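K.L.:
Got a sequence here, can you build the structure:
(chains A, B, C and D)
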There are 4 protein chains.
Amino acid sequence: MDETLEGADETGPTDPETACFEAGIKFGSLYHQFAGTPVTPESAPSLARAMEEAIENQPHCEEVTVDVREDELAAACADGYTEMTGRFIEVGIVVAYEGCTVRTRMEMEEGYPLMRVESVDR
Amino acid sequence: MDETLEGADETGPTDPETACFEAGIKFGSLYHQFAGTPVTPESAPSLARAMEEAIENQPHCEEVTVDVREDELAAACADGYTEMTGRFIEVGIVVAYEGCTVRTRMEMEEGYPLMRVESVDR
Amino acid sequence: MDETLEGADETGPTDPETACFEAGIKFGSLYHQFAGTPVTPESAPSLARAMEEAIENQPHCEEVTVDVREDELAAACADGYTEMTGRFIEVGIVVAYEGCTVRTRMEMEEGYPLMRVESVDR
Amino acid sequence: MDETLEGADETGPTDPETACFEAGIKFGSLYHQFAGTPVTPESAPSLARAMEEAIENQPHCEEVTVDVREDELAAACADGYTEMTGRFIEVGIVVAYEGCTVRTRMEMEEGYPLMRVESVDR
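P.N.:
Next comes the predicted model:
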């Protein structure tokens, strides 16, 4: 009987796995909620702040930091404004779930915005 | 010949009509860019500010004001947070195009958020 | 007395102006709801169809047609997928309001997606 | 020396944890890209199809299934159309990363759409 239960448990997620799932949700939410927003270097700070505070509302989300890549954004706005996308920001998100803290980050890598898990504090 | 040309011209938009088209674009953009954003009474001010500054970047847009309906939002957040939608905000957008100023507004009417043209200054 | 009433009426929108405002709402909605969606040449047809049917739900909207610019999209997907944005589609939207039909269009012009009113059938 | 390396490794994610992070990204993306889309029972199938094909473009994503909760949607559209949100769909997403398959699901639970990891095939 115990073995059956153990067998069932083995396919369920561990707490660190659930914490990583939750962190991924926050990243996908942040990116696809705000991608496409009209933005300039002047309006970027209010957008970054809104992104942080909006996603921090989600469950288990401890902290969101959005840093604007100002030179990249200014270059794209030479003719006016542009649309928010991954290459204009660096994002850090910290999620805590059942005593497990996960730190995740989005940065440019080889020309693409890459989201990854930096550390899992088990 | 002149009549033919006049006939052709008659199907093109007037400046006030183009101004109204531009104002509509701003309203649709604002609504569908930000609908679904996680929001609470605490985070609503930064979201409202970002909405204003983002849409003011668009061409011919003079001013955007987003007022949060705080009681309505607080009631919807009794259990945590909610998603931004039309019944939590009142929005005013002013567009100027070729000397024509159009004032537009979104407010609740009979339970639905209604967007309308308030005035056209020809 | 009549003059005062006439003066008040003069600032309100005409039916063609309201029709143009409604058409603008549809364009802003379509663009900012779907900008940022992951897309490839293979998945573009289902996205285009969803865009058409979604926006046709909005009030006074007669017809929406979304044509994918396939070569442009294929070139942007050489390394995998890309995000939907204005340079991958051409859009036509027809709005009818109080007997007035407005035809509007988004096409690339000088490197930017430009939305404009093609004709107003008064 | 080995201990230092082990110490460093311990904070990095395991493959199953990365797989769960990737699955979370897909869920957040799907939800916040499409929440707010105008929808009716008639247009829901094309939207569901677009959601599936769009998110399947993302890295490591094996399969996305979006099932419309038709009765719930029809009830919300009694007066016309409504906006897509979590209570109108059930979603399954399968992610495979480095030989690890993660099955995730969004369903209504106690009145809220809940996203969760169903199984991790290590």
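K.L.:
Look up which helix or strand A:S119 falls in, please.
P.N.:
strand A:112-121 (DSSP states H and E).
K.L.:
With A:A50 instead?
P.N.:
A:A50 belongs to helix A:44-56 when assigned by DSSP H and E.
K.L.:
For the residue lying closest to A:L47 once chain neighbours are set aside, grab the count of nearby residues.
P.N.:
Ranked by C-beta to C-beta, 6 or more residues apart in numbering or on different chains and with sequence neighbours excluded, the top spatial neighbour of A:L47 is B:A50, at 4.7 Å. Heads up, the C-betas are built off the backbone N, CA and C, glycines and all. By the criterion of other C-beta atoms under 10 Å in any protein chain shown, B:A50 has 28 neighbours.
K.L.:
tell me the contacts of the residue at minimal distance from the centre of chain A?
P.N.:
With distances taken as C-alpha atoms, centre = their mean, A:F27 lies nearest the centre of chain A, 3.0 Å away. Neighbour list for A:F27: A:91, A:93, A:104, A:106, A:115, D:24-25, D:28 [criterion: C-beta atoms under 8 Å, 6 or more residues apart in numbering or on different chains].
K.L.:
Report the two members of the residues you listed separated by the largest distance.
P.N.:
Greatest spacing in these, by C-beta to C-beta: A:V91 and D:G24 (14.4 Å).
K.L.:
Show me which of these two is the more surrounded one.
P.N.:
D:G24 (31 against 23).
K.L.:
Would you mind listing what in chain A touches chain B?
P.N.:
Proximity of chain A to chain B (C-beta under 8 Å from any C-beta of the partner chain) is limited to residues A:29, A:33-34, A:36-40, A:42-43, A:46-47, A:49-59, A:80-81.
K.L.:
hmm, which of these are the buried ones?
P.N.:
Among the residues of chain A next to chain B, the ones that count as buried by 16 or more other C-beta atoms under 10 Å in any protein chain shown are A:29, A:33-34, A:36-40, A:43, A:46-47, A:49-58, A:81.
K.L.:
does stretch A:13-25 come close to chain D?
P.N.:
Yes - using C-beta under 8 Å from any C-beta, stretch A:13-25 reaches chain D at A:13-14, A:16-18, A:20-25.
K.L.:
wait, doesn't A:V120 sit right on A:C20?
P.N.:
Yes - if you go by C-beta atoms under 8 Å, A:V120 and A:C20 touch, sitting 6.8 Å apart.
K.L.:
Now the stretch of helix or strand the residue nearest to the centre of chain A belongs to: buried residues?
P.N.:
Following DSSP H and E, the helix or strand that holds A:F27 is helix A:15-34. Across helix A:15-34, burial judged by 16+ other C-beta under 10 Å covers A:16-34.
K.L.:
do stretch A:102-111 as well
P.N.:
Buried residues in stretch A:102-111 (16+ other C-beta under 10 Å): A:102-107.
K.L.:
Counting neighbours, what do you get for the nearest residue to A:A76 once chain neighbours are set aside?
P.N.:
The shortest distance from A:A76 to any non-neighbouring residue, by C-beta to C-beta, 6+ apart, is to A:T82 (4.3 Å). A:T82 is flanked by 19 other residues according to other C-beta under 10 Å.
K.L.:
Contact partners for A:T82?
P.N.:
By C-beta under 8 Å, 6+ apart, the neighbours of A:T82 are A:38-40, A:73, A:76, A:88.
K.L.:
Could you do A:R103 as well?
P.N.:
Taking C-beta under 8 Å, 6+ apart, one finds A:92-94, A:117-119, A:121 in contact with A:R103.
K.L.:
mind giving me JSON lines with those and columns for neighbour count and distance to chain C?
P.N.:
Converted to JSON lines, the contacts of A:R103 look like this (neighbours: other C-beta atoms under 10 Å in any protein chain shown; distance: C-beta to the nearest C-beta, whole Å):
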{"residue": "A:G92", "neighbour count": "16", "distance to chain C": "21"}
{"residue": "A:I93", "neighbour count": "29", "distance to chain C": "18"}
{"residue": "A:V94", "neighbour count": "21", "distance to chain C": "24"}
{"residue": "A:V117", "neighbour count": "24", "distance to chain C": "21"}
{"residue": "A:E118", "neighbour count": "15", "distance to chain C": "24"}
{"residue": "A:S119", "neighbour count": "16", "distance to chain C": "27"}
{"residue": "A:D121", "neighbour count": "14", "distance to chain C": "31"}
